[in-house]
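Undergrad: Predicted coordinates and the sequence they were generated for:
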Amino acid sequence: ILNVEQSPQSLHVQEGDSTNFTCSFPSSNFYALHWYRWETAKSPEALFVMTLNGDEKKKGRISATLNTKEGYSYLYIKGSQPEDSATYLCALGDTGRRALTFGSGTRLQVQP
Amino acid sequence: NAGVTQTPKFQVLKTGQSMTLQCAQDMNHNSMYWYRQDPGMGLRLIYYSASEGTTDKGEVPNGYNVSRLNKREFSLRLESAAPSQTSVYFCASSEGTSGYQPQHFGDGTRLSIL
């Protein structure tokens, strides 16, 4: 079983704050790193899929970076808004398995 | 565009009862997955189907069976429900299992076993 770790487990920030969280994964057999956004009472939605070391992806105020050599990815949210409140999941695709391995998520709450 | 549809949304069972969770996707995806989500544990893979006609065990397959009925449908069966199977179950699909394609999730089935 692959160990995909996310930190912190939860985060409370004020509206307008910028924040970031980490996804750590074993770097051997790396193929792809996914980020998902999961709002309460809804289903996870894909944000980014990254495959190359040094990849950076951006979607509005949310961006992500990838370091496959050291085995981590950062997700950044600039100027957090209450609607950003959700659990953010990362998931690892590796060459040895045919399914993703998910981390346990970082739960973000943005206070107005 | 419905995407991934799961039924039922909620179910309460007694220990020992059986039931089947249904999942259908209309995106012509080859691969489908069943996960369970428990507090503090994220999404854990139960079974997946890389393509029509194939199924493989995931991380936590014990107590479950699956059927890939056709390309659209992938069902999960609990033969003899146990309280430890109380969870929220999510079905997902993707174009393939290469690890590059994002997964698309259904809204989940909340299952309670008494």
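TA: Ah, there it is.
Undergrad: Spell out which parts of chain B neighbour chain A.
TA: B:4, B:33, B:35, B:40-45, B:48, B:50, B:56, B:58-59, B:90, B:97-108 (C-beta under 8 Å from any C-beta of the partner chain). To be clear about C-beta, it is placed using only N, CA and C from the backbone, and glycine gets the same treatment.
Undergrad: go again using 7 Å as the cut-off
TA: For chain B, the residues in contact with chain A (C-beta under 7 Å from any C-beta of the partner chain) are B:33, B:40-43, B:45, B:48, B:50, B:58-59, B:90, B:97, B:99-100, B:102-103, B:105-108.
Undergrad: Show me the strands in the chain, by range?
TA: Unless you meant another one, I'm taking chain A. Applying DSSP state E to chain A gives strands spanning A:5-7, A:10-14, A:19-24, A:30-38, A:45-50, A:56-59, A:62-67, A:72-77, A:86-94, A:101-102, A:106-111.
Undergrad: my bad, chain B
TA: Counting by DSSP E, the strands of chain B are B:4-7, B:10-13, B:19-25, B:31-38, B:42-49, B:56-57, B:64-68, B:74-78, B:87-94, B:104-105, B:109-113.
Undergrad: Out of those strands, flag the one nearest residue A:11.
TA: Comparing the strands of chain B against residue A:11 with C-beta to C-beta, the closest turns out to be strand B:42-49 (16.1 Å).
Undergrad: for the closest one, the distance to its chain's centre please.
TA: What separates the centre of strand B:42-49 from the centre of its chain is 7 Å, taken as C-alpha atoms, centre = their mean, to the nearest Å.
Undergrad: Show residues contacting the lowest-mean-pLDDT helix or strand in chain A.
TA: Counting by mean pLDDT, DSSP states H and E, chain A has its least confident helix or strand at strand A:101-102, which shows a mean of 90. The contact list for strand A:101-102 (C-beta atoms under 7 Å, 6 or more residues apart in numbering or on different chains) reads A:2, A:4, A:89, A:91-92, B:42-43.
Undergrad: Would you check which pair of those lies furthest apart?
TA: A:2 and A:89 (14.4 Å).
Undergrad: picking up where we left off before, can you list the strands that the least confident helix or strand of chain A pairs with?
TA: strand A:86-94 (antiparallel) (DSSP bridges).
Undergrad: and the angle from the strand it pairs with to strand B:42-49?
TA: 50 degrees (axes from the mean of the first three to the mean of the last three C-alpha atoms, to 10 degrees).
Undergrad: Check which residues of strand A:86-94 are buried.
TA: A:86-94 (16 or more other C-beta atoms under 10 Å in any protein chain shown).
Undergrad: before we move on, back to that, just send the strands of chain B back as a markdown table, with mean pLDDT too.
TA: Below are those laid out as a markdown table (pLDDT from 0 to 100):
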| stretch | mean pLDDT |
| --- | --- |
| strand B:4-7 | 96 |
| strand B:10-13 | 95 |
| strand B:19-25 | 97 |
| strand B:31-38 | 94 |
| strand B:42-49 | 92 |
| strand B:56-57 | 93 |
| strand B:64-68 | 97 |
| strand B:74-78 | 97 |
| strand B:87-94 | 96 |
| strand B:104-105 | 95 |
| strand B:109-113 | 96 |
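Undergrad: In chain A, which residue sits nearest chain B?
TA: residue A:93 (2.3 Å; C-beta to the nearest C-beta).
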